[in-house]
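1. Need a 3D model of the following:
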Amino acid sequence: MDLEQAMQTFLEESRELLDEMESILLDVEAEQTSSEQLNALFRAMHTIKGSAGLFGLDPIIRFSHQAENLLDQLRDGKLKLDDELVGLLLRCHDHVKLLIQALAAGDSLEALSDEALEAALLGYLTVPQAMQPPAREAPPPAASRPERWVLSLRFGPDVLRNGLDPSSFIRYLATLGTVEGIHAIACRLPAGADFDAESNYLRFELLYRSDIDEKSLHEVFEFVREDSELFIWPLKIAAAHLHEACASATPDEAREVESAWRQFGALGQPQPLEESASDVDPLLEHPLAAAWR
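-> Take a look at the predicted model:
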């Protein structure tokens, strides 16, 4: 899938999510809102924000993140849905829809900033504790425990030529959890005149910690799945899948994958990992990253 196809997929999915959001908000009865409805509203903003992150669409990311935070407080019972809040969420829907329309038309997104709407959102997100409704009587569910994952990523050889940057996907992962270890494997990097700066030769093995589920992890790579080899397993069972991860690897590459997994602790006692990648851009630290610039 090239960049244009990926963008069209994003636009279509965003429109569908916004249609669903509008339908719920127009039909909802504030006093009888179900958890399924609130989850669907949250999921719409969360998905649009996440997909926008892959394209670096900062105005959409910033605004949908604020709306997402508001919906998260509704889900948690920290805020109570009333007619005024339904109206505000409809305004949020309309604003994101306007941003999507501008994106499709090639217009500037920065020019569509709505300071009054953002101020209204901020007013809800900073409501003093005394003004918030009492917490639900039922005890909150236990927080999900972060899972450690092994990600084996070979982006397609044409990923750069198609306008998609592998580093953007890993940077986005870092916003959802912590990249604890990363190994760039360059066994397929040709020398001399055979090197093509627009081709991808690198493979990445990641040790990753996050409380998101496996389905959400796979969705991060939706736009490149068609042309790539992407494997994701919980660390505790990754060893059973090493052969699968190395099925198309050269012998040298397979040895490097095995070495990376051993360092991650997937194949036994881990070796000390380098400094967590959550605060640095691990791809830009790699000496081969210059080929992406």
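2. count of residues packed around residue 47?
-> Per other Cβ atoms under 10 Å, the neighbour tally for residue 47 reads 19. Where you see a C-beta, it was placed from the backbone N, CA and C, and this is true even at glycine.
3. Make sure it is actually in contact with residue 18.
-> No. In this structure residue 47 lies outside contact range of residue 18 using Cβ atoms under 8 Å: 10.6 Å.
4. Quick check: residue 95 touching residue 115?
-> No. Residue 95 lies out of contact with residue 115 (Cβ under 8 Å); the separation is 11.4 Å.
5. What segments of the stretch 51-200 of the chain are strands?
-> With DSSP state E, counting those that start in this stretch as the criterion, the stretch 51-200 of the chain has strands at 147-154, 178-185.
6. report the angle between the axes of the first one and strand 178-185?
-> Think strand 147-154. Strand 147-154 and strand 178-185 are oriented at 30 degrees to each other (axes from the mean of the first three to the mean of the last three Cα atoms, to 10 degrees).
7. in its sheet, what does strand 147-154 sit against?
-> With DSSP bridges as the test, strand 147-154 is paired with strand 203-210 (antiparallel), strand 229-234 (antiparallel).
8. check contacts around residue 25.
-> 41, 86, 89-90, 93 (Cβ atoms under 8 Å, 6 or more residues apart in numbering).
9. Likewise for residue 254?
-> By Cβ under 8 Å, 6+ apart, the contact set of residue 254 is residue 246.
10. Residue 10 too?
-> By Cβ under 8 Å, 6+ apart, the contact set of residue 10 is 51-52, 54-55, 223.
11. so which helix or strand takes in it?
-> Using DSSP states H and E, the element containing residue 10 is helix 3-27.
12. pLDDT (mean, whole number) over that helix?
-> The average pLDDT for helix 3-27 rounds to 88.
13. for that helix, which positions count as buried?
-> 6-7, 10, 14, 17-18, 21-22, 24-25 (16 or more other Cβ atoms under 10 Å).
14. before we move on, what about stretch 172-187?
-> Buried-residue list, stretch 172-187, by 16+ other Cβ under 10 Å: 172-174, 177-185, 187.
15. next one: that stretch to chain centre, how far?
-> 13 Å (Cα atoms, centre = their mean, to the nearest Å).
16. what does stretch 248-260 give?
-> Here stretch 248-260 is found 27 Å from its chain centre; the criterion is Cα atoms, centre = their mean.
17. how about the helices in the stretch 1-150 of the chain?
-> 3-27, 35-55, 58-75, 83-105, 115-125 (DSSP state H, counting those that start in this stretch).
18. Residue 151 is nearest to which of the ones you listed?
-> Between residue 151 and the helices of the stretch 1-150 of the chain, the shortest gap by Cβ to Cβ is with helix 35-55, which sits at 15.8 Å.
19. quick one: low-confidence parts of the stretch 51-200 of the chain?
-> Residues of the stretch 51-200 of the chain that meet the criterion pLDDT under 70 lie in 126-144.
20. okay, the strands of the stretch 51-200 of the chain in CSV with distance to residue 207 next?
-> Output for the strands of the stretch 51-200 of the chain, formatted as CSV (distance: least, Cβ to Cβ, whole Å):
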stretch, distance to residue 207
strand 147-154, 6
strand 178-185, 4
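21. OK, contacts around residue 169?
-> So residue 169 contacts 54, 153, 220-221, 224 (Cβ under 8 Å, 6+ apart).
22. typo on my end, residue 201
-> So, once contact is read as Cβ under 8 Å, 6+ apart, residue 201 ends up touching 157, 186, 188-190, 291.
23. Please repeat the previous calculation with a cut-off of 10 Å.
-> Neighbour list for residue 201: 154-155, 157, 185-190, 195, 288, 291 [criterion: Cβ atoms under 10 Å, 6 or more residues apart in numbering].
24. Check residue 92 too.
-> Residue 92 makes contacts with 21, 25, 41, 45, 63-64, 66-68, 70-71, 114, 117-118, 120-121, as judged by Cβ under 10 Å, 6+ apart.
25. Right, I'll leave it there.
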